[in-house]
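Asks: Sequence first, predicted coordinates after that:
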Amino acid sequence: MKKTLLSSLFVVAILSISAPLLTTQNAQAKTVVDDFGNTIEISDKYFNNPPSESDKKALTEQYQELQVAINNPNQQMGDLAMKYFQNYRTVQSYVDMTYNLNPATFQSKKPIMTLIIGEIGSLSNFIDKNSNGGLETDNLNIKSDDYGAILKPTDLTVYNATEKQGVKQALQTTFNAWDSPKIHFRFVNSPDDARIVVRAVDSKNGNFEGSFDGSMTEVSVYSTVLIQANVNISPELSQLPGDDPTLVHTLEHEFGHVFGLTDIL
Ligand SMILES: [Zn+2]
């Protein structure tokens, strides 16, 4: 729901290290451009949650306020526009903040305004984006910088690309640990059917977290909905037996990031 300009900037760095994968190779799929600018396919069966008429009306009102705000960047915005701009009072103050936080990224403030205008887009684009693209998200809201929902979190398919038995066992423990009415992970036998791929990669390519030889990287996000992700662990971890506490803890930690848990462990 709340994809911010800032998060889309930070994502560029992550993207360059994770190869985009197609979600399905199935003929009954919609081809879309995801939030990272990659062309992906999403199976038609997931587009079953269109916005209601009242949602559309509310988003139309917000869109109209945003157009006024953008055309008058130094004036106090309306409440609906402010909500979009993280409660900044003027568009200019939001642009200034963005510029000051990313001095290396921008030569000037002008491209930031261009990005904002592009991100809001046309009315139909705005409604689509802020209704999770009509995708099935099981009404679960996620707190992540880059996405606000997950595609069908009650059925998250996982492929173990390490092909290690120990990893498989540790993954099963992880699935059991996180299982709830809202989150359910299960194995599939092909990466084409998987929304999460577990890989063994070296530390250079893994972009590992400080305290773990592991990471979670988003592969595709569409209309602020997480479509695909990789969970990466080091080759050393992938060799460990399935009940090794470090292997289990690392996988549980990284899978927690999939549904928006932050680094408090
Ligand atoms: Zn973490």
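Replies: Great, that's in hand.
Asks: domain assignment for this protein?
Replies: In terms of domains, the chain is parsed into 22-47+137-258, 53-130 (source: automatic domain parsing).
Asks: now, of those, which is deepest in the fold?
Replies: domain 22-47+137-258 (a mean of 18; mean count of other Cβ atoms under 10 Å). Every C-beta, even on glycine, is put in place using the N, C-alpha and C of the backbone.
Asks: Averaged pLDDT, that domain. What do you get?
Replies: Averaged across domain 22-47+137-258, the pLDDT comes to 92.
Asks: correct me, but residue 148 touches residue 135?
Replies: No. The pair residue 148 / residue 135 is not scored as a contact, 11.5 Å apart, by Cβ atoms under 8 Å.
Asks: Spit out the residues that contact those two alike.
Replies: Common contacts of residue 148 and residue 135, defined by Cβ atoms under 8 Å, 6 or more residues apart in numbering, comprise residue 225.
Asks: Could you pull up phi and psi at the residue in the stretch 1-150 of the chain that the ion sits nearest to?
Replies: Nearest residue of the stretch 1-150 of the chain to the ion: residue 144, at 12.0 Å (Cβ to the ion). Residue 144 adopts backbone torsions of phi -140, psi 150, taken as degrees, to the nearest 10.
Asks: what's near enough to touch residue 226?
Replies: Taking Cβ under 8 Å, 6+ apart, we find residue 226 in contact with 142, 144, 146-147, 149-151, 218, 220, 258.
Asks: and with 10 Å instead?
Replies: Contact analysis of residue 226 by Cβ atoms under 10 Å, 6 or more residues apart in numbering lists 35, 137, 142, 144, 146-151, 153, 156, 195-196, 218-220, 258-260.
Asks: Out of these, which sit inside helices?
Replies: The helices, defined by DSSP state H, take in residue 258 from the contacts of residue 226.
Asks: distance between the ends of stretch 29-48?
Replies: The straight-line separation of the ends of stretch 29-48 (Cα to Cα, to the nearest Å) is 13 Å.
Asks: before we move on, what about stretch 105-123?
Replies: 28 Å.
Asks: rewinding a little: nearest spatial neighbour of the residue of the stretch 1-150 of the chain closest to the ion, chain-adjacent residues omitted?
Replies: Spatial nearest neighbour of residue 144, excluding adjacent residues (Cβ to Cβ, 6 or more residues apart in numbering): residue 260 at 4.6 Å.
Asks: How about residue 251?
Replies: residue 174 is the one closest to residue 251 (Cβ to Cβ, 6+ apart), at 4.5 Å.
Asks: who are the neighbours in contact with the one you found?
Replies: Counting by Cβ under 10 Å, 6+ apart, residue 174 touches 158, 167, 185, 198, 231, 247-256.
Asks: at 7 Å what do you get?
Replies: 248, 251-252, 255 (Cβ atoms under 7 Å, 6 or more residues apart in numbering).
Asks: and it, that's in a helix?
Replies: Yes. Counting by DSSP: H, G, I helix; E, B strand; the rest coil, residue 174 is found in a helix.
Asks: thinking again about what came up before, is it true that the residue of the stretch 1-150 of the chain closest to the ion touches residue 261?
Replies: No. Counting by Cβ atoms under 7 Å, residue 144 stays clear of residue 261, with 9.3 Å between them.
Asks: Count the neighbours of the single nearest residue of the chain relative to the ion for me.
Replies: Per Cβ to the ion, residue 263 is where the chain lies closest to the ion, at 4.2 Å. Residues near residue 263, counting by other Cβ atoms under 10 Å, number 11.
Asks: I'd like the distance from it to residue 217, if you could.
Replies: Distance from residue 263 to residue 217, counting by Cβ to Cβ, to the nearest Å: 15 Å.
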